[in-house]
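Q: pasting the sequence and the predicted coordinates here, then a few questions.
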Amino acid sequence: MAKTLTGKEVIAALRDDLLARIEQLAAVGVTPTLAIVRVGERPDDLSYERTALKRAEGLGMAVRSFVLPADATQAQLETVIDEVNADASIHGCLLFRPLPAGIDERAVCDRLAPEKDIDGISSASLAGVFADTGEGFPPATAQACLEMLDFYDIPVASKRVVVLGRSLVIGRPVAMMLLARHATVTLVHSRTADAAAHTREADIVVCATGRAKAYGPEYFSAGQVVLDVGINFADGALCGDVDFDAVEPVLGDEGAITPVPGGIGGVTTSVTMAHVVRAAEQAVNTPSAKEA
């Protein structure tokens, strides 16, 4: 039986670290504050917002929600982003995507101040990830994958990694972050011929295409580590991109796999909070903050 890499232990470790750092910020009168910007009432956005509010409250952080109607205009949304940028009490911003049709999503993402872009959505933040400069914040889900590997002491250097999916939300950023850890990374996507031939040869497989149970046992082999990033609904239940029940036995006793739910998703929320705390720490350490 493969090892199940659950997120709750990772979340607990992150929580202990964050509580200590938040206490230090409180000592200088700073409460790490996250702005959530939501357009419309998408069920998945509302679910994540509830989770974020609960996690922030448990840590002693603050959250401010900016909610616009589904038919909001480009100008209205950009006005909210400008308000977030100008408010020194807000340290990080989480913009729910995808945005409604008719809104230039790239323009909105790039309008967000880099120091408040705690989910790596702007071109400036992504440039930091791709150039490996350490500047800005990487996408939280990509960072959550690395947090999971680190917590369970799964080595990355010199390992063969296949990333299924090439989106800027997870696929390409996590590939670059793993490459920076000295892994040999292959990006597999919809135009890749015989994707399963690539995944079967990998040491680590990251599944991030958003297709419910799309990857069955034919994609995997014994001893692999499988990180399932997918959040999907099938037959009325939450599931990942991997057909967990069919794949887990194939991985064998030496393999490991993350479940959905209970895996990467919860760690992503904690990483988001960690990025807000780091943004608050950076704000406190700026000359302008000291002078104030």
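A: Perfect, thanks for sending it.

Q: quick one, strands of the stretch 151-292 of the chain?
A: In order along the chain, the stretch 151-292 of the chain carries the following strands (DSSP state E, counting those that start in this stretch): 160-164, 184-188, 204-207, 225-228, 232-234, 237-239, 256-257.

Q: any idea how far the residue most central in space within the chain is from Ile264?
A: Here the mean C-alpha position of the chain is nearest to the C-alpha of Thr141 (C-alpha atoms, centre = their mean), at a distance of 1.7 Å. Distance of Thr141 to Ile264, given as C-beta to C-beta, to the nearest Å: 7 Å. (C-beta placed from N, C-alpha, C; glycine too.)

Q: between the two, which contacts overlap?
A: Overlap of the contact sets of Thr141 and Ile264 (by C-beta atoms under 8 Å, 6 or more residues apart in numbering) consists of Val229.

Q: contacts only, for the residue nearest to the centre of the chain.
A: With C-beta under 8 Å, 6+ apart, Thr141 has these contacts: Val169, Ile170, Val174, Ala208, Val229, Ile264, Thr268, Val271.

Q: how deep is the second one tucked in, by neighbour count?
A: Counted with other C-beta atoms under 10 Å, the neighbours of Ile170 add up to 26.

Q: list the residues that contact it.
A: With C-beta under 8 Å, 6+ apart as the criterion, the residues that contact Ile170 are Pro139, Thr141, Ala142, Cys145, Val206, Ala208, Val229.

Q: can you count the residues close to the closest residue to Asn85 other than its chain neighbours?
A: The spatially closest residue to Asn85, leaving aside those adjacent along the chain, is Ala113, at 4.4 Å (C-beta to C-beta, 6 or more residues apart in numbering). Ala113 has 16 neighbours, counted by other C-beta under 10 Å.

Q: wait, Ala113 touches Asp82, no?
A: No. Between Ala113 and Asp82 there is no contact, the gap being 9.5 Å when judged by C-beta atoms under 8 Å.

Q: in what helix or strand does Leu126 lie?
A: The secondary structure element spanning Leu126 is helix 123-131 (assigned by DSSP states H and E).
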